[in-house]
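Q: after the sequence you'll find the predicted model.
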Amino acid sequence: MQKNLLFYLTILGLLSFNSYAQKAKAASKEPQKKDNYTYIDAVKTYERVSEKGYKSPDMLKKLGDSYFFNEQLDKAAKCYGELCEMTTNLEPVYYYRYSIALRAIGETQKAGENLKKFNELSGNQSK
């Protein structure tokens, strides 16, 4: 009798741990999904503003970053290219991201040039 009771309590304990773990996984995925949708809405807003002809360095940075972090590197390269044409007073990270985006679309020579600019501005020693 005690063996049966111990067996049933063990099974009940294992099942309760399993269901608790499943709820924790579902709860952790929900905020990521919601955050992703708000990020996509920002991309659409930046695209609409850009299509209307308004382009500023700040807007191109945000749009380029949105594409870059959503792994749309061809669009990111276009935005970062326009940004580099518009101004030369950029943070080094934008040259680095532009270099990565260019390399992803196969423009390795131009990517190398931007990587050199990144190294110069950030103080890295290239060999």
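A: Perfect, I can see it now.
Q: how far away is the residue most central in space within the chain from residue 97?
A: In the chain, the centroid-proximal residue (CA atoms, centre = their mean) is residue 69; its distance is 2.3 Å. Residue 69 is 9 Å from residue 97, where distance means CB to CB, to the nearest Å. Any C-beta I mention is one placed from the backbone N, CA and C, and that applies to glycine too.
Q: now swap in residue 51 and tell me
A: Look at residue 51 and residue 97: by CB to CB, they are 22 Å apart.
Q: which of these two has more residues huddled nearby?
A: Taking other CB atoms under 10 Å, residue 51 and residue 97 do not tie; residue 97 has more neighbours (25 against 8).
Q: quick one, grab the pLDDT at the more buried one.
A: Residue 97 is assigned 93 on the pLDDT scale.
Q: dump the C-alpha coordinates for whatever helix or strand it lives in into CSV.
A: Assigning secondary structure by DSSP states H and E places residue 97 in helix 92-104. Provided in CSV are the C-alpha atoms of helix 92-104 (Å, rounded to 0.1, in the frame of the first residue of the first chain):
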residue,chain,number,x,y,z
PRO,A,92,32.2,54.4,-36.2
VAL,A,93,29.5,51.7,-35.6
TYR,A,94,27.6,52.8,-38.7
TYR,A,95,30.7,52.2,-40.9
TYR,A,96,31.0,48.8,-39.3
ARG,A,97,27.3,47.9,-39.9
TYR,A,98,27.6,49.2,-43.4
SER,A,99,30.6,47.0,-44.0
ILE,A,100,28.7,43.9,-42.7
ALA,A,101,25.7,44.7,-44.9
LEU,A,102,27.9,45.2,-48.0
ARG,A,103,29.8,42.0,-47.4
ALA,A,104,26.4,40.2,-47.1
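Q: now it: how far from the chain's centre is it?
A: 14 Å (CA atoms, centre = their mean, to the nearest Å).
Q: rounded mean pLDDT for stretch 117-127, please.
A: For stretch 117-127, the per-residue pLDDT averages 77.
Q: quick one, what contacts the closest residue to residue 107 other than its chain neighbours?
A: Among residues not flanking residue 107 along the chain, residue 77 sits closest, at 7.5 Å (CB to CB, 6 or more residues apart in numbering). Listed by CB atoms under 8 Å, 6 or more residues apart in numbering, the contact partners of residue 77 are 98, 101, 102, 104, 105, 107.
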